[in-house]
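**Q** my questions concern the predicted model and sequence given below.
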Amino acid sequence: MSIRIINGGMLTTVQDNGRIGYQQFGVPVSGAMDPQAAAIANILVGNEDNEAVLEVTMLGPRIEFQEANCIAVTGGDLTPQLDGKSFPMNRAVAVQKGQVLSFAAPRSGCRAYIAFAGGLEIPQVMGSRSTYLKAKIGGLEGRKLDKEDIIAFRAPTAQLPNMEKRAVADAETFTKTDVTLRVVLGPQDDAFTEAGIKTFLGETYAVTVQSDRMGCRLDGPVIEHVKDGNIISDGISFGAIQVPSEGKPIIMVADRQTVGGYTKIATVISADFSKAAQIKAGDKIRFVQVGITEAQDLYLDRKAYLRALREALSHTYDPSAGPAKQPPRPQKYACLPR
């Protein structure tokens, strides 16, 4: 059976880890804006990390379940509700036929992720189920979800093993409106003056309403170039921070173009993609420089945490043994800003 979309919300799309290996042909990666939250949702319901989820932006959908299944909601807290009653975040929950999942209003962050045990019956396009809206490929007919859309489950299950411990007690929260993003400078940091670099790392920028899944535009003090912001077009990675000649930074995210001709002063490290995905118009952003080795260690810590979470949920749960032990949070750089 399936889910039925009663109301699609502001912007609800199907996303997985993205369309890898096609940038050379001009096809953007797309995928979840907050890959960590999407992976945790999938792990909680027993899916592989790359299974397709629903990405919900700001004002969420109303979804009717036409068959029992297990689901999890992670990421930003958009006040999920089941049949009008509070629904727990970051926990696998069994839902029944006829129940309705809805969202009231954002309490923190701006994007939530819904994972369904067994996955959704969505065809792959170039190896991915992710929706790329501008080209209308992937997902459900290449578009956002709308009223009366039906999406079938591939392999639903009414109950998962170890349901009592399928929860993350220490999931990231996104209550702050002043966010610190860690960055590695480059690849064109030499295109900026010393004063420009100092401005970038020392000043505060505001997220503008001209932000979407392609890029997050910021407003604030002008970042000074040596000459201007134009270069011969080259590749763009998730988190790359372009600075056009006008001197205002743009954080490139999931639906970024494959190449671009503006100077890139720095790149947000992958460990901070969750924070970058959850910022919204009006939030304040500051940038902190870290080294490449530190960025790599933080990335490996995040991967180790996901492995530990999956391992913890794979063990048999004995209620008489007390609360299930949570996997350890990454420790090596726990003192750094989250």
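**A** Everything's here; your move.
**Q** and this protein, what are its domains?
**A** Listed domain ranges for the chain are 2-165, 178-290 (source: automatic domain parsing).
**Q** first-to-last residue distance for the last one?
**A** Between the start and the finish of domain 178-290 there is a gap of 19 Å, counting by Cα to Cα, to the nearest Å.
**Q** can you check stretch 88-98 too?
**A** Termini of stretch 88-98 sit 19 Å apart (Cα to Cα).
**Q** neighbouring contacts of that stretch?
**A** 1, 40, 44-46, 64-74, 77, 80, 82, 87, 101, 117, 158-160, 163, 166-169, 171 (Cβ atoms under 8 Å, 6 or more residues apart in numbering). The C-beta positions use only the backbone N, C-alpha and C, and glycine is treated the same way.
**Q** filter the residues you listed down to the buried ones.
**A** Listed as buried from the contacts of stretch 88-98 are 40, 44-46, 64-65, 68-74, 77, 80, 82, 87, 101, 117, 160, 166-168, 171; burial here means 16 or more other Cβ atoms under 10 Å.
**Q** quick one on the thing from earlier: just name the most buried of the domains of the chain.
**A** domain 2-165 (a mean of 20; mean count of other Cβ atoms under 10 Å).
**Q** what about it, start to end distance?
**A** Counting by Cα to Cα, you get 26 Å between the two ends of domain 2-165.
**Q** what mean pLDDT does that domain have?
**A** In this model, domain 2-165 has an average pLDDT of 97.
**Q** cool, and stretch 187-205?
**A** Stretch 187-205 shows a mean pLDDT of 98.
**Q** and the end-to-end length of that stretch?
**A** From its first residue to its last, stretch 187-205 covers 21 Å (Cα to Cα).
**Q** cool, and stretch 157-169?
**A** The separation between the terminal residues of stretch 157-169, taken as Cα to Cα, is 24 Å.
**Q** show me which residues of stretch 301-308 are buried.
**A** 301-303, 305-306.
**Q** what's the closest of the residues you listed to V243?
**A** Proximity to V243 was ranked across the buried residues of stretch 301-308 by Cβ to Cβ; first place goes to R302, at 27.1 Å.
**Q** test my guess that that closest one contacts A271.
**A** Yes. Between R302 and A271 a contact is recorded at 5.5 Å, counting by Cβ atoms under 8 Å.
**Q** and the helix or strand that contains L181, what does it pack onto?
**A** Using DSSP states H and E, the element containing L181 is strand 178-185. The contact analysis (3 or more Cβ pairs under 8 Å, 6 or more residues apart in numbering; DSSP states H and E) places strand 178-185 against strand 259-268, helix 273-278, strand 284-289, helix 292-314.
**Q** and with 10 Å instead?
**A** Under the contact definition 3 or more Cβ pairs under 10 Å, 6 or more residues apart in numbering; DSSP states H and E, strand 178-185 sits against helix 194-202, strand 240-243, strand 259-268, helix 273-278, strand 284-289, helix 292-314.
**Q** and of the ones you listed, who's closest to Y113?
**A** Y113 sits nearest to helix 273-278 of all the helices and strands packed on strand 178-185, at 9.9 Å, using Cβ to Cβ.
**Q** for that closest one, C-alpha coordinates in CSV please.
**A** The C-alpha trace of helix 273-278 is given here as CSV (Å, rounded to 0.1, in the frame of the first residue of the first chain):
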residue,chain,number,x,y,z
PHE,A,273,26.3,20.6,6.7
SER,A,274,23.5,20.0,9.1
LYS,A,275,23.8,23.5,10.5
ALA,A,276,24.1,25.0,7.1
ALA,A,277,20.9,23.1,6.0
GLN,A,278,18.9,24.4,8.9
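**Q** what helices and strands are in contact with it?
**A** helix 35-44, strand 69-77, strand 108-116, strand 178-185, helix 292-314.
**Q** tell me the mean pLDDT over it?
**A** Helix 273-278 comes out at a mean pLDDT of 96.
**Q** spit out the contact partners of Q124.
**A** Applying Cβ atoms under 10 Å, 6 or more residues apart in numbering, we find Q124 in contact with 16, 19, 52, 130, 138.
**Q** and what of G31?
**A** 15-20, 38, 50, 52, 55, 128-132, 138, 213, 238, 253-255.
**Q** so which of those sit within helices?
**A** A38 (DSSP state H).
**Q** and the strands in the stretch 1-150 of the chain, which stretches?
**A** With DSSP state E, counting those that start in this stretch, the ranges of strands along the stretch 1-150 of the chain come out as 2-7, 11-15, 53-57, 62-65, 69-77, 80-82, 85-86, 93-95, 100-103, 108-116, 150-152.
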